[in-house]
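Enquirer: Below are the sequence and a predicted model for it; my questions follow.
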Amino acid sequence: MQNTRYNQLTDSQREAVFHIEGPLLVLAGPGSGKTRVITYRIAALIDSGVKPYNICAITFTNKAADEMRQRAIALGASAGAHISTFHSLCVKILRRYAANAGINSNFSIYDESDQGGCMKQAVKDCDLDTTNFPPARMLDAVSALKNKLIDVDTFGAQADDFFYKTLAKIYARYQRILSERNALDFDDLLMKTAFLLQSFGDVCRELGERFKFLLIDEYQDTNHAQYKIAKALVSAHNNICVAGDPDQSIYRWRGADIRNILAFEDDWPDAAVVKLEENFRSRPKILEIADKLIAENRNRKQKSLIPTKPPVADVAITGFEDEVEEAQAVAQQAKELAERGVSLNDIAVFYRVNVMNRVLEEAFIQNKIPYQIVRGVEFYSRKEIRDLLAYLKILVNPSDEIALLRVINTPARGIGKTTIDRVRSYAALHNISFFEALKRAGEIDSLSKGPKAKIAVFVGMLGQFEKDIGGKVAPLAERVFAESGLAESLREDRSAVENVEELINGAGVYDQRAEEPSLLGYLQQIALFSDVDAYDTSRGCVAFMTLHCAKGLEFENVFIIGLEDGLLPHERSNTDEDEELEEERRLFFVGITRAKTGLYVSYARYRKIRGQMLRMIPSPFLYELGADFASLAQESRCYYDGSDNISQAVPDFATGQLVRHKSFGLGRVKELIDMGENSVVVVKFNTGQTKSLMIKYAGLSKI
């Protein structure tokens, strides 16, 4: 007999929840209760006799994993199920099977800043110019290779031209630096786990026996490495349940492969498929325009968005003179909503790129409206935070040279660059780690008595701290802050001290929540921290965030600004690759479907980009929404009203027509979008670029 707690589920949700054995694909539209299905499914599995220990549920942010964990416990499901992100699962596996993976179990997880430092060193070690081989681009290239499970040796064997052979050298040196520092980057966590499962059948079988039921949320965002890990974990039993929505796949730029969810039924031909189409979040009008938009995509699985809420909604598409007027209007509208009793927590402003929040900040400050920029990893980028964390990192991984170099003279203790260089030379000569060389500083002839004594004091202090790493984290962090000299050095900087206090308080929360708190576990949690994890709903502020960051969130009222060609869709998508354009459309779709009651979309006639005021063209996505541009031109006083005396005559172009543009050169018309006098022509130019141009301003000539 089924527990009464399942009574509130819809028929389709119940079908997914009570599917026990075998593969299951849950196609879940936005706001359809996808997370609810996964948590109720955990409870149903346990009710059917499955041990919590044998259940593994995976999602994509710490925040989502924590929410899922709390929901499962609230349903009465045992806390024994493993619920985490993909990266956290991989860390657990790699620490458990470190010897098989060829690594040390106390490895550090390097964040983007640390990775950048290692890559810069790798480029220099290869006697290359960082101008010609920018570390950030090299990191992107290496990340793409790792996501495809292409290791150093494989890539080196495949490299067949100057650039790829050079990249292979850089890749190899970068990996060597990570190894010397006993560190892994984010992509290593996935790649090494995938290789571990592929190379060691006994490990794969053991984990398959442990995780007899695998549930993966947001499956549309998995990359090739995650796909391979999932397939390996269920290879013995095929008890895999994935939930996701191809229409919300927005991370192609970081390796996500939409084909994983589109081809699920090819991978598991006997899979059951359940569609969750009822939307419990948004008003019908919002869903209507979202449906219109996403129907333009071809790489998708057909489903509907069925509203369950009453039709009352506030949906507006508005044009403004420039980004300043747009920001002021958003601030004014937010203030009006607040005056009507709407909580500021229920208001969000989305944009395509972070630089767009600057003018928003100015407008909200002028209007005295509290806001928060959801970009939380910046907290961990502050100097005082990185300094204290570097001390803690050394205690679990003395080979972490980046952390050691950061704190060896922070605060200043008389160990300068000359001393450090001599210690590093000694380490290289004797093929030992930098920390080991510090411990043997008394044997380094090139060092005088003074530096040797100072190094001995530093090493001795770390040794005293190390004795406490087995206990709770917050007391240790507080002790390190005080006894390292950091507290005294920051005595006059109240803001920095408050930031450190916030970090220590966070460590205290970790100590309370963790089943077995450890310094290693705490540092791991911070390393895998994401922007979304930092969103604080208790602050009573309007949230500013990118559209990518908005994934997984919802608000009563949503503003989406900058709907202009080149911003959304982004200029990088103006190529002949339909996949790029479709992902930009999915990104807009995600933004729209975060809104519950109010949706306010806007664009500007002019916008300052990279210091230049440019005339902008409304996004073609607005036309796909069904926007009435004729009425918009009248209602939005600033929208292309002809006041600049440019001729309003619209040339007659046809699909396939050969044309010339003064900047882009020759091209051929791919599509005409009829917006009356504001009609747009889509042209593929011989440069490979595809541009959407408003005909009356484009200056196109027929050939």
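Expert: Everything's here; your move.

Enquirer: Secondary structure element holding residue 68?
Expert: helix 62-74 (DSSP states H and E).

Enquirer: hey, C-alpha coordinates of the next helix or strand after that helix in CSV?
Expert: Note on helix 62-74: by DSSP H and E, the next helix or strand toward the C-terminus is strand 82-85. Provided in CSV are the C-alpha atoms of strand 82-85 (Å, rounded to 0.1, in the frame of the first residue of the first chain):
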residue,chain,number,x,y,z
HIS,A,82,24.4,9.8,-1.2
ILE,A,83,23.1,13.1,-2.5
SER,A,84,25.7,15.5,-4.0
THR,A,85,27.1,17.2,-7.1
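
Enquirer: just checking, what packs against the helix or strand just after strand 82-85?
Expert: Downstream of strand 82-85, the next assigned helix or strand under DSSP H and E is helix 86-96. Applying 3 or more C-beta pairs under 8 Å, 6 or more residues apart in numbering; DSSP states H and E, one finds that helix 86-96 contacts strand 55-59, strand 82-85, helix 186-199, helix 224-233, helix 519-527. All C-beta spots, glycine's among them, are computed from the backbone N, C-alpha and C.

Enquirer: where in the stretch 301-450 of the chain is pLDDT low?
Expert: Applying pLDDT under 70 to the stretch 301-450 of the chain picks out residues 375-378.

Enquirer: Helices along that one, start to end?
Expert: Under the criterion DSSP state H, counting those that start in this stretch, helices of the stretch 301-450 of the chain are mapped to 323-339, 357-366, 383-396, 401-407, 417-429, 434-439, 449-466.

Enquirer: Contact partners for the residue nearest to residue 384 when sequence neighbours are not counted?
Expert: Sequence neighbours aside, residue 496 is the residue nearest to residue 384 in space, at 4.2 Å (criterion: C-beta to C-beta, 6 or more residues apart in numbering). By C-beta atoms under 8 Å, 6 or more residues apart in numbering, the contact list for residue 496 reads 382-384, 490.

Enquirer: shouldn't residue 86 be in contact with residue 229?
Expert: Yes. In this structure, residue 86 is within contact of residue 229 by C-beta atoms under 8 Å, at 7.4 Å.

Enquirer: okay, and the common contacts of these two?
Expert: Common contacts of residue 86 and residue 229 (C-beta under 8 Å, 6+ apart): residue 190.

Enquirer: neighbour count winner among the two?
Expert: Between residue 86 and residue 229, counting by other C-beta atoms under 10 Å, residue 229 is the more crowded of the two (27 against 24).

Enquirer: how much space is there between the residue nearest to residue 384 and residue 48?
Expert: From residue 496 across to residue 48, the span is 53 Å (C-beta to C-beta, to the nearest Å).

Enquirer: again, but for residue 90
Expert: Shown here: residue 90 relative to residue 48, a distance of 28 Å by C-beta to C-beta.

Enquirer: between the two, who's got more neighbours?
Expert: A direct count of neighbours by other C-beta under 10 Å for residue 90 and residue 48 places residue 90 higher, at 25 against 10.

Enquirer: who are the neighbours in contact with that one?
Expert: By C-beta under 8 Å, 6+ apart, the contact list for residue 90 reads 189-190, 192-193, 229.

Enquirer: cutoff 7 Å now
Expert: By C-beta atoms under 7 Å, 6 or more residues apart in numbering, the contact list for residue 90 reads 189-190, 193.

Enquirer: Counting neighbours, which of those residues comes out on top?
Expert: Counting neighbours by other C-beta under 10 Å, residue 193 comes out on top of the contacts of residue 90 with 28 neighbours.

Enquirer: and residue 691, helix, strand or coil?
Expert: Of the three states, residue 691 takes strand under DSSP: H, G, I helix; E, B strand; the rest coil.

Enquirer: Quickly list what it is bridged to.
Expert: residue 683 (DSSP bridges).

Enquirer: That one touches residue 664, doesn't it?
Expert: Yes. Applying C-beta atoms under 7 Å, one finds residue 691 in contact with residue 664, separated by 6.3 Å.

Enquirer: Those two: who's more crowded?
Expert: The neighbour comparison of residue 691 against residue 664 (other C-beta under 10 Å) goes to residue 691, with 22 against 18.

Enquirer: Local confidence estimate at that one?
Expert: In this model, residue 691 is scored at 74, pLDDT.

Enquirer: Could you do the one 5 residues further on as well?
Expert: At residue 696, the model reports a pLDDT of 67.

Enquirer: Tell me where the stretch 201-350 of the chain has strands.
Expert: Counting by DSSP state E, counting those that start in this stretch, one finds strands in the stretch 201-350 of the chain at the ranges 213-216, 240-244, 272-276, 278-279, 306-307, 314-322, 347-351.

Enquirer: I'd like to know how many residues surround residue 690.
Expert: For residue 690, the count of nearby residues is 21 (other C-beta under 10 Å).

Enquirer: Verify the stated contact: it with residue 684.
Expert: Yes. Contact criterion C-beta under 7 Å: residue 690 and residue 684 qualify, at 4.8 Å.

Enquirer: Tally up the residues packed near the residue nearest to residue 357 when sequence neighbours are not counted, please.
Expert: Among residues not flanking residue 357 along the chain, residue 544 sits closest, at 4.9 Å (C-beta to C-beta, 6+ apart). Neighbourhood size, residue 544 [other C-beta under 10 Å]: 24.

Enquirer: Pull out the buried positions in stretch 207-220.
Expert: For stretch 207-220, a neighbour-count test (16 or more other C-beta atoms under 10 Å) marks 207-208, 211-220 as buried.

Enquirer: Same list, the helices of the stretch 301-450 of the chain, but as TSV with mean neighbour count and distance to residue 134 please.
Expert: Converted to TSV, those look like this (neighbours: other C-beta atoms under 10 Å; distance: least, C-beta to C-beta, whole Å):
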stretch	mean neighbour count	distance to residue 134
helix 323-339	19	29
helix 357-366	17	25
helix 383-396	21	23
helix 401-407	22	20
helix 417-429	16	25
helix 434-439	20	27
helix 449-466	15	35
